[in-house]
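> Please find the sequence and the predicted model below.
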Amino acid sequence: MKNLTRSKPHLWTPEDDAVLLAHFFTKTRKEIAAMLSRSEDNIKHRAAQLGLKKRERKRGIPHEWTPEEIEMLKARYPNESSEDIAASMGLTYKQVYSKAKALALEKSDEYLNRMKELRNERFFAHRYPGFKPGHIPVNKNRKCPQMSHPNGRKVPIGSTHISCGFIYKKISDTGNYARDWQRAHHTEWLAAGREIEEGCVLVFNDGDRSNITLDNLSMITRAELLMRNMEE
């Protein structure tokens with residue numbers, strides 16, 4: 001059986017204590033822990049040993065701001081988040097925001113622009129996972145082929161052409177591409193008296209887009225199509 005030995009505790013040096021004392025009232029335990037390469041619990045226990053205690057938040061009792069706290073708020077508010085300031089000063093977000101408003105303090109343009117960029121990055125990452133802001137689509141500046149008539153020629157109703165792998169069939173001659181040309185597998189499905197329900201799409205059972213026979217077509221929901229694409 002192996003001998004289990006307890007690791008030696010990370011002793012606090014006078015220099016460590018000095019760092020803790022210097023930043024305890026202005027930074028969070030997480031920030032101080034990162035500065036000293038210690039755990040947050042270690043910071044908490046050492047602060048208790050030294051008798052350090054942040055001002056408790058008491059609901060319903062207004063906070064009396066000291067001149068030092070006001071100067072600190074003026075220095076930090078323009079370029080830091082109110083949540084971080086509140087956490088480091090042992091106050092609530094509302095207390096910090098209300099005092100800043102009373103002092104007519106505002107966030108700097110640099111801070112607002114930075115927060116805007118961060119929100120855009122988070123939204124983009126959530127909406128378009130795998131892409132980064134500034135991503136250039138492969139089809140940028142490319143014209144969609146055959147938006148009027150195939151090869152620029154006027155062709156009769158019933159003509160077909162292929163675009164993006166799909167067969168398109170001309171069903172009318174209004175001059176409007178979206179009305180005149182429909183995907184051939186849609187026209188075959190509708191001609192058989194079937195409907196394409198809302199929220200559903202037609203798929204090719206064998207994966208061959210040129211095979212537009214009814215036996216090769218199935219109607220599934222967009223959710224099912226999404227799961228099918230994720231599995232491929």
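Looks like it came in fine. Numbers count the residues shown, from 1 in each chain.

> Now do the domain split for this structure, please.
As recorded under automatic domain parsing, the domains making up the chain are 14-55+64-107, 150-231.

> now do the same end-to-end measure for the first one.
Terminal residues of domain 14-55+64-107 lie 37 Å apart, using CA to CA, to the nearest Å.

> Show me the helices in this protein, by range?
14-23, 29-36, 40-49, 67-76, 82-89, 93-102, 109-127, 177-180, 184-191, 222-231 (DSSP state H).

> For Ala18, the count of nearby residues, please.
10 (other CB atoms under 10 Å). (Glycine included, C-beta is placed from N, CA and C.)

> If you could redo that for Met219, that was the one I meant.
Neighbours of Met219 (other CB under 10 Å): 14.

> so what's it up against?
Neighbouring residues of Met219 by CB atoms under 8 Å, 6 or more residues apart in numbering: Trp189, Arg194, Ile196, Glu197, Cys200, Val201, Leu202, Val203.

> Could you measure from the third one over to His185?
The spacing between Ile196 and His185, counted by CB to CB, to the nearest Å, is 10 Å.

> Looking at the two, which is more packed in?
His185 (22 against 12).

> doesn't Tyr168 make contact with the more buried one?
No - counting by CB atoms under 8 Å, Tyr168 is not a contact partner of His185; they are 10.1 Å apart.

> and the residue lying closest to Phe24 once chain neighbours are set aside, what is it in contact with?
Once flanking residues are discounted, Phe24 sits nearest to Leu52: 5.1 Å by CB to CB, 6 or more residues apart in numbering. For Leu52, the contact set (CB under 8 Å, 6+ apart) comprises Leu20, Leu21, Phe24.

> Can I have the buried ones of the residues you listed as a PyMOL selection?
Here is the PyMOL command that selects the buried residues among the contacts of Leu52 (16 or more other CB atoms under 10 Å):
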select buried, resi 20+24
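
> closest to Ala178 among the contacts of Leu52?
Phe24 (66.7 Å; CB to CB).

> and Ala75, how many neighbours?
Around Ala75 there are 10 residues (other CB under 10 Å).

> Next one: it relative to Ala178, how far apart?
For Ala75, the distance to Ala178 - CB to CB - is 60 Å.

> can you tell me which of the helices of the chain comes nearest to Ser210?
Among the helices of the chain, helix 184-191 sits nearest to Ser210 (CB to CB), with 9.2 Å.

> which of the residues in the closest one are buried?
Ala184, His185, His186, Thr187, Glu188, Trp189.

> Pull up the per-residue confidence for the fifth one.
Right, the one you point to is Glu188. On the pLDDT scale, Glu188 is placed at 91.

> Please name the residues that touch the closest residue in space to it that isn't next to it in sequence.
Leaving aside its chain neighbours, Glu188 sits nearest to Ile212 (5.3 Å; criterion: CB to CB, 6+ apart). Shown in contact with Ile212 (CB under 8 Å, 6+ apart): Ile167, Ala184, His185, Glu188.
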